[in-house]
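**Q** Here is the input, now give the coordinates:
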Amino acid sequence: MEIRNHKPSVWRKLLWKSDIPSTGKLLALAVAEMADYNHGDSAHPGNTLLARMVGKTEQSVRKTLKELRAAQVITRTAVNNRKYADEYQLSWPYDNGYPVGRPWGILVAPPDDGEPH
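**A** Numbers count the residues shown, from 1 in each chain. Sure, this is the predicted structure:
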């Protein structure tokens, strides 16, 4: 599996079609609002600001950012200290040249109900 970086307009289309839960989508869109329009990088959202933007606690924001990173929907490009926010880039997992429509499925095994998924 490879990771590709996208400009926000392409990345948003992948996000809307994905299986990511609504809180993850909302937080991912908040990060995208702060990313460079042409390259989808250089986003420096602080957790306090993100929490205010999406109406969640900072603890919930930290947990969801971790899940978004694990699903490879965003990439942390710089870890900073308490004074400055971490830096993110919009990314997306690809498999055999095609975007993965269920990145959240990377994190959560599908239910074993005997049906193909």
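**Q** how deep is the closest residue to Y37 other than its chain neighbours tucked in, by neighbour count?
**A** Among residues not flanking Y37 along the chain, P8 sits closest, at 6.3 Å (CB to CB, 6 or more residues apart in numbering). Every C-beta, even on glycine, is put in place using the N, C-alpha and C of the backbone. Using other CB atoms under 10 Å, P8 is surrounded by 20 other residues.
**Q** right, and P8 touches A32 too?
**A** Yes. Counting by CB atoms under 8 Å, A32 is a contact partner of P8 at 5.0 Å.
**Q** Could I get the contacting residues of the residue nearest to Y37?
**A** A32, A35, Y37, G40, L90 (CB atoms under 8 Å, 6 or more residues apart in numbering).
**Q** Among those residues, which are located in strands?
**A** Counting by DSSP state E, those place L90 in strands.
**Q** mind putting the contacts of P8 in TSV, pLDDT included?
**A** Shown next, in TSV, are the contacts of P8 (pLDDT from 0 to 100):
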residue	pLDDT
A32	88
A35	79
Y37	70
G40	69
L90	86
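**Q** Most widely separated two among the contacts of P8?
**A** Greatest spacing in these, by CB to CB: Y37 and L90 (10.9 Å).
**Q** joint contacts of these two?
**A** K7, P8.
**Q** So between the two, which is more surrounded?
**A** L90 (26 against 9).
**Q** ok, what's across the strand from that one?
**A** I74 (DSSP bridges).
**Q** Might one say that it is in contact with D41?
**A** Yes. With contacts counted by CB under 8 Å, L90 reaches D41, the gap being 7.4 Å.
**Q** between the two, what contacts are shared?
**A** Common neighbours of L90 and D41 (CB under 8 Å, 6+ apart) are N5, A35.
**Q** Mark which of the contacts of P8 are part of helices, please.
**A** If you go by DSSP state H, the contacts of P8 have A32 in helices.
**Q** And K7, how close does it get to D36?
**A** Here the criterion is CB to CB, to the nearest Å. By it, K7 lies 8 Å from D36.
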